[in-house]
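Undergrad: what follows is a predicted protein model with its sequence.
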Amino acid sequence: MVKPVLVFGYGNLSRGDDALGPLLLDYIESHCALEAIEILCDFQLQIEHALDLENRCLVLFVDASVSCEDAFSFTQIEPAKDKSYTTHTMSPAAVLDVYQSIKKQPPPLSFLLSIKAEKLELGEGLSTPAKKHLEQACQFADQLLQNPELKDWLQEAKRSEMLTLASCYKIGNQVVTPLP
Amino acid sequence: MYQHLETAKNTENLKRIVVDPVSRVEGHGKVTLLLDADNKVQQARLHIVEFRGFERFIQGRPYWELPVLVQRLCGICPVSHHLAAAKAIDQLVGIDPENLPVSADKLRRLLHFGQVFQSHALHFFHLSSPDLLFGFESDISKRSIVAVLGAYPDLGVQGVKMRKYGQEVIRMVSGKRIHGTCAIPGGVNKSLTKAERDYLLEDIDQMIEWSAASVALIKKVHCSNLPYYDDFATIRSNYLGLTKPDGALELYHGGIRAKNANGGTIIDHVDYCKYNDYIHEEVRSWTYMKFPYLLSLGRENGWYRVGPLARVNNCDYINTPLAEAARVEFKAHSNEAMVHSTLAFHWARLIETLHCAESIKTLLNDPDIMGHDLVAQGEKRYEGVGVIEAPRGTLFHHYQVDENDIVTKANLIVSTTSNNMAMNESVRQVAAEYLSGQELTEPLLNNLEVAIRAYDPCLSCATHAMGKMPLQLELIDEEGNLIDKLVKHSSGQIERPSHG
């Protein structure tokens, strides 16, 4: 029986802050009730991961991101022929797009929890800032997964978006578009 | 050969083109071209811009950690590193390959076939089929798996499911999707249950059928434009890889064989533990990646290619019937001579994919994979070498340990390093034959990337910071001024930003 909620973290434990995704999964595994939640981990996203989305109600991708503005961000994602579909590693949006293409139906509602990363060197541990970011992201994920409801996740995504915009306004009193 | 284009005579009056980074390859690669006033290529190089420090990552660790640790070196072929390390560590615990328990040997082989199968499927269906099906100079929006899924839906779905099947083989054998611990010093830690075996058997015939169809497809694609496919990025080279004692294709364990461009034997049945007596590595100042070469032929002539093309060229036969029939057709295409076409890497890769699917079926029907004699023990040694044919080619792991079992020395030669000179040569061939004297456009520059992608290089490891793979082209005049710039965003959008 497929569990309705999928949390999919990805990254390399031996690549400094790239470990943020898998480490958040460790936290969820030891702190959250998992009756309705499945946890999956991989080094990076690939085409076959589209098949892991089958029969899910809600999907949460968790990743380290050097372009994250705050300690973490939470956004709803839509299928898109974007970013990294030309590489060995795909973005969650591209995975959703593959799902849509092969299943001929919209993918499950999906969100991305990005945790701000600083350093991604082979053999390095988590950087000090990343440890703090992880702590905050874990608290957030804890709340999110206590009783996973679409309306709550949508609300959180909206709030996160507003916060990002607000922080942009602070820079020189001008709206600064976050870097891609 | 195009080695004269490695270093231009007078660089000060040349225009510089940078392709940075190369997309659809793993890691960070950069191509630089120096052009003269008539846009003739005077210098072409593939640079590797990231230093990996594998050896430093491994040294100082207890050897028994390595089979898990080395999987983190590479997010796309962790199983290959896992098995190469395990073979080296077998020797550290005094177990030579012939003394590994039969079940352990077969389970490791099953794991390896699963890895090669899924890696080759990913490369063909996801990374290369857009170029091969739509053309190297097609609209950039078409060059993706998403476009393949749209135009060839069945093929796209097969690619996804073949990749998934290979991953399932890995999961069943190693117990986990990633960071599995299948191989341990002297054996493996679990065998397959009947339920696991039956689960994998359910789809294997379908995998064989799709693999055979993909060989037919690539043959059709290759032969439909034969002069172009036989010429594009093509270079004459030596070839190196493992073979079985009887000369059959071998991916897990065998002796080293190297052949020259005419098919003559350079070395054969060499014990890979003595690789240092035959292969040396040269360092060049302009790139982090080394240049391995066969000692007997020297630096200039001793470079070689590894990977599917090398393996299918080098072997005398393949021990699974459908793949062997495909190999015979492949060789007939070149009148039994060595196949030097760089684009034939794709054809050879799919022959190997079919071989893996057939071999997986054979092993799944072998009761030894459910056996219980899984680990052998021996006397400790202080040095071990493990060599395996990874999806991209021959992979060497070499360790020395001290009396406390700590790794004091590690040397790795990864497949992409062995192909370093060949990739540079292919880049130069394309630059000289297809780009020189022409106005540079994005589709033309994609040709350079197509040449590199044929080798399926793994230029870096599993880091994946988002939004870091744009393609940037800069045209700089003889005084160093930026006179043109083309940016290909990761979304595929092309932009010519204003400057000046």
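TA: Looks like it came in fine.
Undergrad: could you find the closest non-adjacent residue to the residue of chain A found nearest chain B?
TA: When scored by C-beta to the nearest C-beta, chain A has residue A:43 as its residue closest to chain B, at 3.2 Å. Every residue, glycine included, has its C-beta placed from N, CA and C. With C-beta to C-beta, 6 or more residues apart in numbering or on different chains as the criterion, residue A:43 has its nearest non-adjacent residue at 3.2 Å, and that residue is residue B:75.
Undergrad: what distance do you get for the one you found to residue B:433?
TA: Relative to residue B:433, residue B:75 is positioned 34 Å away (C-beta to C-beta, to the nearest Å).
Undergrad: between these two, point out the one with more neighbours.
TA: Each of residue B:75 and residue B:433 has its neighbours counted (other C-beta atoms under 10 Å in any protein chain shown); residue B:75 has more, 26 against 15.
Undergrad: and that one, what are its phi and psi?
TA: With angles defined as degrees, to the nearest 10, residue B:75 sits at phi -80, psi -10.
Undergrad: surely it touches residue A:45?
TA: No - using C-beta atoms under 8 Å, residue B:75 makes no contact with residue A:45, being 10.3 Å away.
Undergrad: for chain A, what spans make up the strands?
TA: Along chain A, counting by DSSP state E, strands occupy A:5-10, A:37-42, A:58-65, A:72-77, A:109-116.
Undergrad: reformat the ones you listed as CSV; add mean neighbour count.
TA: Below are the strands of chain A laid out as CSV (neighbours: other C-beta atoms under 10 Å in any protein chain shown):
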stretch, mean neighbour count
strand A:5-10, 25
strand A:37-42, 19
strand A:58-65, 25
strand A:72-77, 20
strand A:109-116, 23
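Undergrad: any chance of those strands in a markdown table, plus distance to residue B:264?
TA: Supplementary listing: the strands of chain A in a markdown table, determined by distance: least, C-beta to C-beta, whole Å:
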| stretch | distance to residue B:264 |
| --- | --- |
| strand A:5-10 | 47 |
| strand A:37-42 | 44 |
| strand A:58-65 | 50 |
| strand A:72-77 | 56 |
| strand A:109-116 | 55 |
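Undergrad: a markdown table for these, including mean pLDDT?
TA: Below are those laid out as a markdown table (pLDDT from 0 to 100):
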| stretch | mean pLDDT |
| --- | --- |
| strand A:5-10 | 96 |
| strand A:37-42 | 95 |
| strand A:58-65 | 95 |
| strand A:72-77 | 95 |
| strand A:109-116 | 96 |
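Undergrad: need the contact list for the closest residue to residue A:42 other than its chain neighbours.
TA: Of all residues beyond its chain neighbours, the one nearest residue A:42 is residue A:10 (5.1 Å), with distances taken as C-beta to C-beta, 6+ apart. Taking C-beta atoms under 8 Å, 6 or more residues apart in numbering or on different chains as the criterion, residue A:10 is in contact with A:21, A:22, A:41, A:42, A:43, A:44, A:45, A:61, A:62, A:63, B:464.
Undergrad: also residue A:72?
TA: Contact analysis of residue A:72 by C-beta under 8 Å, 6+ apart lists A:113, A:114, A:115, A:116, A:133, A:136, A:137, A:140.
Undergrad: any idea how far it is from residue A:50?
TA: In this structure, residue A:72 and residue A:50 are separated by 25 Å, where distance is defined by C-beta to C-beta.
Undergrad: give me the below-cutoff pLDDT ranges for the stretch 351-500 of chain B.
TA: Residue ranges of the stretch 351-500 of chain B with pLDDT under 70: B:436-440, B:444, B:459-500.
Undergrad: switch to 80 and redo it
TA: Counting by pLDDT under 80, the stretch 351-500 of chain B contains low-confidence residues at B:434-446, B:449, B:457-500.
Undergrad: again, but for chain A
TA: The model of chain A has pLDDT under 80 over residues A:81-89, A:121-122, A:161-180.
Undergrad: hmm, back to that, looking at the contacts of residue A:72, which is nearest residue B:148?
TA: Nearest to residue B:148 out of the contacts of residue A:72 is residue A:114 (C-beta to C-beta; 28.5 Å).
Undergrad: please tell me how far the closest one sits from residue B:89.
TA: With distances defined as C-beta to C-beta, the gap from residue A:114 to residue B:89 amounts to 38 Å.
Undergrad: and the end-to-end length of stretch B:382-398?
TA: The stretch stretch B:382-398 measures 11 Å between its terminal residues, going by C-alpha to C-alpha, to the nearest Å.
Undergrad: anything in that stretch near chain A?
TA: No - applying C-beta under 8 Å from any C-beta of the partner chain, one finds stretch B:382-398 out of contact with chain A, separated by at least 11.7 Å.
Undergrad: show me which positions of that stretch end up buried.
TA: Residues of stretch B:382-398 classed as buried: B:384-398 (neighbour count, 16 or more other C-beta atoms under 10 Å in any protein chain shown).
Undergrad: picking up where we left off before, for the contacts of residue A:72, give me CSV that also has distance to chain B.
TA: Shown next, in CSV, are the contacts of residue A:72 (distance: C-beta to the nearest C-beta, whole Å):
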residue, distance to chain B
A:113, 13
A:114, 8
A:115, 12
A:116, 11
A:133, 14
A:136, 19
A:137, 16
A:140, 19
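Undergrad: on that earlier part again, isn't the residue of chain A closest to chain B up against residue B:178?
TA: Yes - the pair residue A:43 / residue B:178 is scored as a contact, 6.0 Å apart, by C-beta under 8 Å.
Undergrad: looking at these two, which has the bigger crowd around it?
TA: When neighbours are counted by other C-beta under 10 Å, residue A:43 and residue B:178 differ, and residue A:43 comes out ahead with 28 against 23.
Undergrad: shaky segments in the stretch 201-350 of chain B?
TA: B:284-289.
Undergrad: what about 90?
TA: Along the stretch 201-350 of chain B, the parts satisfying pLDDT under 90 run over B:221, B:224-229, B:231-233, B:281-291, B:333-336.
Undergrad: now do the helices in it.
TA: Counting by DSSP state H, counting those that start in this stretch, one finds helices in the stretch 201-350 of chain B at the ranges B:226-231, B:298-301, B:308-314, B:321-333, B:344-364.
Undergrad: hey, what's in contact with both of residue A:43 and residue B:178?
TA: For the pair residue A:43 and residue B:178, residues contacting each of them under the criterion C-beta under 8 Å, 6+ apart are residue B:78.
Undergrad: need the contact list for the closest residue to residue A:113 other than its chain neighbours.
TA: Distance criterion C-beta to C-beta, 6+ apart; nearest residue to residue A:113, sequence neighbours excluded, is residue A:62 at 4.8 Å. The contact partners of residue A:62, taken as C-beta under 8 Å, 6+ apart, are A:7-10, A:20-21, A:24-25, A:112-113, A:115, A:137, A:141.
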